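Engineer: Could you work out the structure for the sequence below:
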Amino acid sequence: GIPRYAPNVWALLAMALAERHVPGFSRTDPKKRRPKPKSILDHAPMVRLIDERVAGGQKVSPAVNAVAKQLRLKTKETVERDYRRFKAWDAMVMKSVEKIRQK
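Structural biologist: The predicted structure is shown next:
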């Protein structure tokens with residue numbers, strides 16, 4: 001299906017051959033990924049547990065480790081990333097709510 005006189009005929013041919021013969025280029029092979037949370041709010045229970053530990057005097061990283069073990073969650077780095085993203089999102093929402101209240 002490649003036009004004979006296309007300006008980039010060799011690139012089109014190379015991609016067509018790669019899609020047909022190289023598994024990584026195939027459009028029919030879906031990538032296997034873990035399901036992602038439907039919403040950032042799905043992290044709220046985890047964040048609440050970490051915040052309780054932080055309020056008790058524990059630093060963030062040890063609190064994340066403990067909660068990750070307690071809930072049998074992903075790797076510590078992923079849990080900490082999700083925690084920090086949730087906190088940033090929460091701060092942004094609270095800032096927006098304050099702007100609305102001031103009007």
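Engineer: Excluding chain neighbours, what is closest to residue 64?
Structural biologist: Excluding the flanking residues, the one nearest residue 64 by Cβ to Cβ, 6 or more residues apart in numbering is residue 80, at 4.6 Å. Any C-beta I mention is one placed from the backbone N, CA and C, and that applies to glycine too.
Engineer: Which strands or helices does the helix or strand where the one you found lies pack on?
Structural biologist: For residue 80, the host element (DSSP states H and E) is helix 76-102. Counting by 3 or more Cβ pairs under 8 Å, 6 or more residues apart in numbering; DSSP states H and E, the packing neighbours recorded for helix 76-102 are helix 44-55, helix 60-71.
Engineer: Residue ranges in the protein under the pLDDT threshold?
Structural biologist: Across the chain, residues meeting the criterion (pLDDT under 70) sit at 26-40, 74.
Engineer: coming back round to it: next, count neighbours for the residue nearest to residue 64.
Structural biologist: Residue 80 has 18 neighbours, counted by other Cβ atoms under 10 Å.
Engineer: same deal with the one 10 residues further on?
Structural biologist: Around residue 90 there are 15 other residues, counting by other Cβ under 10 Å.
Engineer: Quick one: residues in contact with stretch 48-61.
Structural biologist: Here stretch 48-61 makes contact (Cβ atoms under 8 Å, 6 or more residues apart in numbering) with 62-64, 66-67, 70-71, 76, 80, 83.
Engineer: Span of that stretch from start to end?
Structural biologist: Chord length of stretch 48-61, first to last residue, is 15 Å (Cα to Cα, to the nearest Å).
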